[in-house]
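In: From the sequence below, what's the structure:
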Amino acid sequence: MPDPDAKTEAPRTLEQWTRVLCDQEMPIFSNTAQNIYSSLDDKQKGAMELASIILQDPNLTAKILKVSNSVHYNPSRQKMNTISRAIVILGSNVIRELTIACSFFESIISQQNKDMANREIAHAIHAAVQAKEIAIACNDPSPEEVFIAALLNNIGSIAFWCFGGRQCQYIAELLQSGNFSAEQAENKVLGFTLKELAMSLSRSWRLGGLIEESITAPSSSHIRPQIVYLAKEITLAIDDGWESEAMDACLIKLEKLTGQEVGFSKSSLKKNMLSAVKIACKFGAHDASQFILTDQPVQTEEAAGHEIADKSKIQFHILQEITQHISGPINPNLLFEMAVEGIHRGLDMDRTLFCILSTDKKMLNEKLAVGWRKDLSTQKIKFDVSSLPANLFFKAMHSASGIWAHPKTDSILFTPSVINHIGRTECFLIPIYTDNKPIGLVYTDRSINKKPLTEEDFNVAKLFSQQVNIGLALYKMKKHE
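Out: Numbers count the residues shown, from 1 in each chain. Here you go, the predicted structure:
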């Protein structure tokens, strides 16, 4: 059906819808999902690569920390102020799945969602929570993976109802007439079903694994897709009522899967429903949370895991985490990550980089980069540490505590090679030492927002770098004890 009010022609085919949703409506999720799953394919990429992907997006970083600090994921209430620490405490697999979930909601919740969209989102979150708890009862090795598979199982419907425009209205009208099933209405308006759209999006985003299996084969003989499908059935059965025939059928299936008695299972499902409301709010889906049916008041956490707007507090808390880390067994990579995160988030910088000096002392090679516009999976930043003529990086590597470079006053140091890599931008460059020898460099700037750097900013950046130097010295001492 044509959209007479649309400024541009609406997509008509499944391929066009997939392309529009991936490239125009949900590019943040597209990029994050593809980077996450490409890093999974490469066994050499670990927690540091994951932290780098997350820290590219300040809003995504804040949301992941908020959800990570919730009781649902962090019952021990160990405070996590950095992505690095969250990865250590919760594990990279959990944080990887949370990143997919948070990125997904980052892409959709800001839109002008109507009731149908919020109902789809509510069912997805509710089903995800139920699926995770069923997976735990079944002793599944990765309940978070089941959570994400259930969350994204209806990704075609959610994406369409969030961004479908006038076509959403056409389908809604057909459904309200009572003469069409959902699939019939979708086929009449779009020429395909929203389940087919989910399959197409899953392939485009390379979601693969359990996510794709649960979408394409809900009747699979494997137990994990069965869990995902049963969780969806349960959320729909709750809409029909706790004493409905649909709920009785779900409880029989649940007892068969988990071995739990029906009475106990029903009590657990009600508890999970309340948890789903809280999780929805943590993801920022406040409107959708109202469609998760509950007859009990839900108290949301007010203080736990909230985003700290005051940059000085971010600096303080991350410095605390670094101090705590270097007082025990030291992981140098984690130390580098926390320092980069402290500088980048604590000073509100646009680009931050930690790089290691090559064995021949001629190049600085990227170890962790945040904010750089590049393909994370293939490109690595490299700087020439040239002495003839001496460039910006050579001078910084041979400085005692770093330099604050200005394109005008230090123009001679901004050689063509330097300009090609960082442009003509004001920046901080601070060397990292061990045994009084430079081994690496921290680089940071505000090349995008153009906010001026200050003396206080420079001192804070040096303080974080000094903590790395202290940590490396302690690491070496402890290693030889």
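
In: Can I get the worst-scoring helix or strand of the chain on mean pLDDT as CSV, trimmed to CA atoms?
Out: Within the chain, no helix or strand scores below helix 27-41, which has a mean of 78 by mean pLDDT, DSSP states H and E. The C-alpha coordinates for helix 27-41 follow below in CSV (Å, rounded to 0.1, in the frame of the first residue of the first chain):
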residue,chain,number,x,y,z
PRO,A,27,22.6,2.0,12.7
ILE,A,28,23.9,2.0,16.3
PHE,A,29,22.6,-1.5,16.9
SER,A,30,23.8,-2.6,13.5
ASN,A,31,27.4,-1.5,14.1
THR,A,32,27.6,-2.7,17.7
ALA,A,33,26.1,-6.1,16.9
GLN,A,34,28.4,-6.7,13.9
ASN,A,35,31.5,-5.6,15.9
ILE,A,36,30.5,-7.8,18.9
TYR,A,37,30.0,-10.9,16.8
SER,A,38,33.1,-10.3,14.6
SER,A,39,35.1,-10.1,17.9
LEU,A,40,33.5,-13.5,18.9
ASP,A,41,34.8,-15.0,15.7
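
In: average pLDDT for the next helix or strand after it?
Out: Next helix or strand after helix 27-41 toward the C-terminus (DSSP states H and E): helix 47-55. Helix 47-55 shows a mean pLDDT of 84.

In: swap in stretch 137-151?
Out: 92.

In: again with stretch 359-376
Out: Averaging pLDDT along stretch 359-376 yields 85.

In: buried residues in it?
Out: 363-364, 366-372, 376 (16 or more other C-beta atoms under 10 Å). Yep, even glycine has a C-beta here, placed from its N, CA and C like the rest.

In: gap between the least confident helix or strand of the chain and the chain center?
Out: Offset of helix 27-41 from its chain centre (C-alpha atoms, centre = their mean, to the nearest Å): 10 Å.

In: Do a quick rundown of the strands in the chain.
Out: Assigned by DSSP state E, the strands in the chain fall at 351-357, 363-370, 382-384, 403-405, 427-434, 437-445.

In: Can you redo those as TSV, where the extra columns are distance to residue 289?
Out: Shown next, in TSV, are the strands of the chain (distance: least, C-beta to C-beta, whole Å):
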stretch	distance to residue 289
strand 351-357	35
strand 363-370	32
strand 382-384	47
strand 403-405	47
strand 427-434	43
strand 437-445	38
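
In: of these, which approaches residue 152 most closely?
Out: strand 363-370 (26.3 Å; C-beta to C-beta).

In: Pairing partners for the closest one, with directions?
Out: strand 351-357 (antiparallel), strand 382-384 (antiparallel) (DSSP bridges).

In: And the residue nearest the centre of the chain, how close does it get to residue 36?
Out: The centroid of the chain falls nearest to residue 99 when counting by C-alpha atoms, centre = their mean (2.4 Å). As for residue 99, its distance to residue 36 is 6 Å (criterion: C-beta to C-beta, to the nearest Å).

In: Show me the common contact partners of those two, please.
Out: When C-beta atoms under 8 Å, 6 or more residues apart in numbering defines a contact, the residues bordering residue 99 and residue 36 alike are 50, 53.

In: residues touching residue 401, list them.
Out: Counting by C-beta under 8 Å, 6+ apart, residue 401 has contacts 430-431, 462, 466.

In: What is the least confident helix or strand of the chain packed up against?
Out: helix 47-55, helix 92-108 (3 or more C-beta pairs under 8 Å, 6 or more residues apart in numbering; DSSP states H and E).

In: if we can go back for a sec, now for the buried residues of stretch 359-376: which two are most distant?
Out: The largest separation in the buried residues of stretch 359-376, counting by C-beta to C-beta, is between 363 and 371 at 21.1 Å.

In: Identify all contacting residues around the least confident helix or strand of the chain.
Out: For helix 27-41, using C-beta under 8 Å, 6+ apart, the contacting residues are 22-23, 45, 49-50, 53, 57, 60, 96, 99-100, 103-104, 106-107, 204-208, 376-377.

In: how about stretch 447-458: buried residues?
Out: For stretch 447-458, the neighbour count (16+ other C-beta under 10 Å) marks 447, 453, 457-458 as buried.

In: got the CA positions of that stretch in CSV?
Out: Written as CSV, here are the backbone C-alpha positions of stretch 447-458 (Å, rounded to 0.1, in the frame of the first residue of the first chain):
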residue,chain,number,x,y,z
SER,A,447,38.7,16.9,18.3
ILE,A,448,35.0,16.6,17.8
ASN,A,449,33.3,18.8,20.4
LYS,A,450,36.1,21.3,20.3
LYS,A,451,35.8,22.2,24.0
PRO,A,452,39.0,23.8,25.2
LEU,A,453,41.4,21.7,27.3
THR,A,454,42.4,23.1,30.7
GLU,A,455,45.3,22.8,33.1
GLU,A,456,43.1,20.8,35.4
ASP,A,457,42.3,18.4,32.6
PHE,A,458,46.0,17.9,31.9
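
In: Tabulate the contacts of residue 401 (CSV), appending distance to residue 149, neighbour count and pLDDT.
Out: Below are these laid out as CSV (distance: C-beta to C-beta, whole Å; neighbours: other C-beta atoms under 10 Å; pLDDT from 0 to 100):
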residue, distance to residue 149, neighbour count, pLDDT
430, 43, 27, 97
431, 46, 22, 96
462, 46, 17, 97
466, 45, 16, 96
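
In: Out of these, the closest to residue 85 would be?
Out: residue 466 (19.8 Å).

In: Which pLDDT does the model give the residue nearest to the closest one when sequence neighbours are not counted?
Out: The shortest distance from residue 466 to any non-neighbouring residue, by C-beta to C-beta, 6 or more residues apart in numbering, is to residue 401 (8.0 Å). Note for residue 401: predicted pLDDT of 89.
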